[in-house]
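Student: what shape does this take:
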Amino acid sequence: MNLRLITRIARTELATLFYSPVAWLLLLAFACQVGIDFGYIINEIAKIKVMGRDITFSITAGVTLGSYGLYEAIQDTIYLYIPLLTMNLMSREYASGSIKLLYSSPLSSGHIIFGKFLSMVVFALIFVVILALPMVAVAVTTPMIDIPLILSGLLSMFLLILTYCAVGLFMSTLTSYQIVAAVATLSTLTFLNFIGKIGQSSPFLREITYWLSLKGRASEMVSGLICSDDVIYFITVIAMFLAFSIIVLSNEKTRRSFVNKSLRYVAVLACVVVVGYVSSRPALMSFYDATYSDQNTLSKESQEVMAQLDGPMTITTYVDIFDSEFDYASPQAQMGDKDRFKKYTRFKPEIKMEYVYYYTTPTDSAFYAKYPGKTIEEIAAEVAKKKKLNPKRLVSAESLKEEIDLSEENYRFVRVVERGSGEKARLRLFDDMFVHPNEAEISAAMKKMLVEPVKVGSLIGHGERSIKRGGDRDYSFFATRGRFRNSMINQGFDVLEVNLAEQKDVPEEINILIIPEMRQPMTDEELSAVDRFIERGGNLVVLADVGRQKAMNPLLERLGVRMLEGQIAQPSAINPYNLVLSRATQIAADSLKGRYRTMRANTNYQAITMPGAVGLEVVDTTKFQPWVILCTDTLSTWIEHKTTDFIDETPTCDERSGEKVGSFITGLALRRMHNDKQQRIFVFGDADCWSNAEVLASRAGISANNFSIIPNAFRWLCYGEFPVSSARTPHRDTDTSLTPMMIPRIKNIYCIAIPLVIGLIGVFVIMRRRRG
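Tutor: Modelled structure (predicted):
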């Protein structure tokens, strides 16, 4: 292959392009679009600064990624430019008759196609340069921008444009009509975007067509993850369409039979399929995360978990054919479903995913009215056909009982992760906007197969709040609600009830004991049982509440803490909801970190909401060393009651006997060295702050962190074992000197000045050509 000839053809093609107004108009339109999109993005960032809010995200990522990100926006529209650029690459040669001169010259078909494509490479680089210009303004206003992320995004856009150009070049070899070539290019690009939906019911075809799909191919690279599979895809598809173009020209120059011509295309396509299949094997993939904080890679804790999981692993998905969530795991959705675990197959390529489709008996009587006279098996088979599932793949839920009792999951979507050595853990879908488990939930399930789950006991028998009931005052959401993402059972914990009257002692397997607002005091025997639990080094959470002093102080005094008589109130000037707002202290931010650190940094509007709270007092520091982690504002009022024996009702205003103004303790962390480890205890002055109603509550003007402190609390109590942390290195490009005064100037540069310069250069080049 003669590179000099290829370069000469590319130079001639570029001259033809730039001596026509079409190329300049495309560049002008592209520059305007980039400028407008960039202006909108920086305007939104400036608004955040003006409102006095902290920027917690990477500014580089904010400019390039997301639904309004520059690279994402351009990725969705760049295909509109390419057909106008490539439609005359070969069509012009056909229409003018110059193709005959090319055939008669010493140039081969490869020289012609590679020369034409090289000119498109140069033009693609110009597009990329225009796309990179806004990053200059970002670099000037933002210290320490994420340059590798920017380069990764530009690389993805370059490869995407070249792929479009290769398709356009091939289409222009098929016709002498430029408009037909442009329309054919758009049609082919549309087909490549939708080919991934073809043949997904077939185990043989689904991987081939899914790999060939162009849809979303550049997205991972734009987000900073360079995957060998994606790079090979772009290179292979470009090579395929260039080979097709060469075959077209070669067939025009040489007479061949239809079979001979067809076999050439089939051979190229077969090579592409083989390359695609091999490159998409998890064991052969390689990755590079270009983001500074490794956003596209598992966290360090998750990587440590995966490193210990040796041997084979299977993730089996069980889904009911009648379930509304069937579509998440249908045969048509399996390839996309497997991509949800791509971060994990990167570290453990031998993970296999299997799907079990079953049917159960619906409880809705109206359901059967739709299928009169049919058995449940016949109904399931009919529904399966409608959902494009082979009815032979269906089994009954009863037949799976030895394998899994699906009634425990209410016959909802569930996955079972199983190691080759037999350990199992479950993954569920959740009733929130994200639906699928994220890294924290998946890694927790993986880790439960490596270590003993942390056992948490919740005391019952004294009118305590229930971890199983769903009432507003109860605790099922954070404890046992399987469909709630942050429930403890989804974060690596096993939660069970403890009745000291029946069990006489806290079971040895219990690591952490919760005592959620006792309404009646413990007996001496029960207090002794708790003493034995504390003495053996067990960790504790005590949630007090208004009017429970008599029932709970005997227990708390063993810890060196006492509930004050009365309750806390705050004026409506602080909050209009008749709540007690508790703020994080500096020692909580420094020692417990996590959400306490965020609350401390934003103490004006972030708090723990407590519908009714009592003040806490440390009366003995010889037993445990206390940290004050939550306290009220200094304008809080302490209302002292005449009596504290309220078992079933809250004190009324008439029972007040005195008031004090000040800041009161509402949360304590206690610790001591015991049995060669640090024993840890939490005491909170309000049991409602962990209740179902309060962890889900949303109130205007108050940023409540009630739920956020619960995982933080249990992570501290189990010494960081669970939940698995998905925290990453903090972003370093979170500060900018951008101000609203600078926005008009930047917009003028990118929306007017740069497009104007491009237009003037185009006019100058074209006028000079015409004069010459």
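Student: from here on, just use CA atoms for contacts and neighbour counts.
Tutor: Will do.
Student: which residues of this protein score low on pLDDT?
Tutor: 1, 571-575, 634-660, 772 (pLDDT under 70).
Student: nearest residue to the middle of it?
Tutor: residue 438 (6.4 Å; CA atoms, centre = their mean).
Student: please report how far it lies from residue 532.
Tutor: Note on residue 438: its distance to residue 532, by CA to CA, to the nearest Å, is 39 Å.
Student: burial count for residue 394?
Tutor: Residues lying near residue 394 (other CA atoms under 10 Å) number 18.
Student: the one 4 residues further on now?
Tutor: A total of 15 residues lie near residue 398 under the criterion other CA under 10 Å.
Student: list the contacts of it.
Tutor: residue 360 (CA atoms under 8 Å, 6 or more residues apart in numbering).
Student: how close does it sit to residue 358?
Tutor: Taken as CA to CA, the span from residue 398 to residue 358 is 9 Å.
Student: for residue 677, same thing?
Tutor: Taken as CA to CA, the span from residue 677 to residue 358 is 48 Å.
Student: compare the two (neighbour count), which wins?
Tutor: Shown here are residue 677 and residue 358; by other CA under 10 Å, residue 358 has more neighbours (22 against 10).
Student: the helix ranked longest in the chain: which residues count as buried?
Tutor: Using DSSP state H to define each element, the chain has its longest helix at helix 21-50. Buried residues in helix 21-50, counted by 16 or more other CA atoms under 10 Å: 23-24, 26-43, 45-46, 49.
Student: what ranges does the stretch 351-500 of the chain have for its strands?
Tutor: Per DSSP state E, counting those that start in this stretch, the stretch 351-500 of the chain carries strands over the ranges 351-359, 394-396, 414-419, 424-428, 454-460, 493-499.
Student: which of the ones you listed sits most buried?
Tutor: strand 454-460 (a mean of 22; mean count of other CA atoms under 10 Å).
Student: and the residue nearest to the centre of the chain, backbone torsions?
Tutor: phi -100, psi -170 (degrees, to the nearest 10).
Student: where do the helices sit along the stretch 401-550 of the chain?
Tutor: In the stretch 401-550 of the chain, the helices defined using DSSP state H, counting those that start in this stretch lie at 439-448, 476-479, 500-503, 524-535, 549-556.
Student: okay if I get those as TSV plus mean neighbour count and distance to residue 276?
Tutor: Listed next are those as TSV, based on neighbours: other CA atoms under 10 Å; distance: least, CA to CA, whole Å:
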stretch	mean neighbour count	distance to residue 276
helix 439-448	24	28
helix 476-479	25	45
helix 500-503	14	61
helix 524-535	17	59
helix 549-556	20	65
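Student: can you list those helices in a markdown table and add distance to residue 710?
Tutor: Shown next, in a markdown table, are the helices of the stretch 401-550 of the chain (distance: least, CA to CA, whole Å):
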| stretch | distance to residue 710 |
| --- | --- |
| helix 439-448 | 15 |
| helix 476-479 | 8 |
| helix 500-503 | 25 |
| helix 524-535 | 21 |
| helix 549-556 | 21 |
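Student: what does the following helix or strand past the longest helix of the chain rub up against?
Tutor: Toward the C-terminus, helix 21-50 is succeeded by helix 59-64 as the next helix or strand (DSSP states H and E). If you take CA under 8 Å, 6+ apart as the criterion, helix 59-64 is touched by 38, 41-42, 69-72, 138, 142, 145-146, 149-150, 153, 222-223, 733-735.
Student: now with 6 Å, please.
Tutor: 69, 70, 71, 145, 146, 733, 734 (CA atoms under 6 Å, 6 or more residues apart in numbering).
Student: which one of those residues has the most neighbours?
Tutor: Neighbour tally across those (other CA under 10 Å): the maximum, 28 neighbours, falls on residue 71.
Student: quick one: residues contacting that residue.
Tutor: Residue 71 touches residue 64, counting by CA under 6 Å, 6+ apart.
Student: mind listing what's buried along whichever strand or helix holds it?
Tutor: Using DSSP H and E, residue 71 sits within helix 70-77. Burial within helix 70-77, assessed by neighbour count using 16+ other CA under 10 Å, is assigned to 70, 71, 72, 73, 74, 75.
Student: how far does stretch 153-168 sit from the chain's center?
Tutor: Centre-to-centre, stretch 153-168 and its host chain are 26 Å apart (CA atoms, centre = their mean, to the nearest Å).
Student: likewise stretch 8-22?
Tutor: Computed by CA atoms, centre = their mean, the chain-centroid distance of stretch 8-22 equals 45 Å.
Student: can you give me the strands for the stretch 101-250 of the chain?
Tutor: For the stretch 101-250 of the chain, the strands defined by DSSP E, counting those that start in this stretch cover 225-227.
Student: that one: helices as residue ranges?
Tutor: 109-132, 134-141, 147-172, 178-194, 205-212, 219-222, 228-253.
Student: and the contacts of the first one?
Tutor: The reference is to helix 109-132. Contacts for helix 109-132 (CA under 6 Å, 6+ apart): 6, 9, 10, 14, 246, 249.
Student: tell me the angle it makes with helix 21-50.
Tutor: Counting by axes from the mean of the first three to the mean of the last three CA atoms, to 10 degrees, helix 109-132 lies at 30 degrees to helix 21-50.
Student: could you check the angle helix 70-77 makes with helix 109-132?
Tutor: Going by the same axes, to 10 degrees, helix 109-132 makes 140 degrees with helix 70-77.
Student: now swap in the last one and tell me
Tutor: Compare the direction of helix 228-253 with that of helix 70-77 by the same axes, to 10 degrees and you get 30 degrees.
Student: buried ones in the helix or strand following helix 228-253?
Tutor: Downstream of helix 228-253, the next assigned helix or strand under DSSP H and E is helix 258-279. By neighbour count on 16+ other CA under 10 Å, the buried set for helix 258-279 is 268, 269, 272, 273, 276, 279.
Student: Serialize the residues you listed to CSV and add fields for distance to residue 673.
Tutor: Formatted as CSV, these follow (distance: CA to CA, whole Å):
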residue, distance to residue 673
268, 70
269, 69
272, 64
273, 63
276, 58
279, 54
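Student: tell me which two of those sit farthest apart.
Tutor: Within these, 268 and 279 form the most distant pair, 16.5 Å apart (CA to CA).
Student: residue 302 versus the closest residue to residue 277 other than its chain neighbours, what's the distance?
Tutor: Leaving aside its sequence neighbours, residue 277 sits nearest to residue 208 (CA to CA, 6 or more residues apart in numbering; 7.0 Å). Look at residue 208 and residue 302: by CA to CA, they are 31 Å apart.
Student: sorry, back to before: now do the longest helix of the chain against helix 134-141, angle only.
Tutor: 30 degrees.
Student: so which elements touch helix 21-50?
Tutor: helix 754-771 (3 or more CA pairs under 6 Å, 6 or more residues apart in numbering; DSSP states H and E).
Student: if we use 7 Å, what do you get?
Tutor: For helix 21-50, the elements it packs on are helix 743-747, helix 754-771, judged by 3 or more CA pairs under 7 Å, 6 or more residues apart in numbering; DSSP states H and E.
Student: tabulate those helices (TSV), appending mean neighbour count and distance to residue 549.
Tutor: What follows is the helices and strands packed on helix 21-50, written out as TSV (neighbours: other CA under 10 Å; distance: least, CA to CA, whole Å):
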stretch	mean neighbour count	distance to residue 549
helix 743-747	15	59
helix 754-771	15	72
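Student: ok, which of the ones you listed comes nearest residue 536?
Tutor: That would be helix 743-747 among these, by CA to CA, at 63.5 Å.
Student: centre of the chain to the closest one, how far?
Tutor: From the chain centre to the centre of helix 743-747 is a distance of 33 Å (CA atoms, centre = their mean).
Student: same check on stretch 50-57?
Tutor: Distance, centroid of stretch 50-57 to centroid of chain: 22 Å (CA atoms, centre = their mean).
Student: equivalent analysis for stretch 754-771, please.
Tutor: 46 Å.
Student: can you list contacts of that stretch?
Tutor: Stretch 754-771 is contacted from outside by 19, 20, 24, 28, 31, 32, using CA atoms under 7 Å, 6 or more residues apart in numbering.
Student: redo that, cut-off 6 Å
Tutor: Against stretch 754-771 from outside (CA under 6 Å, 6+ apart): 19, 24, 28, 31.
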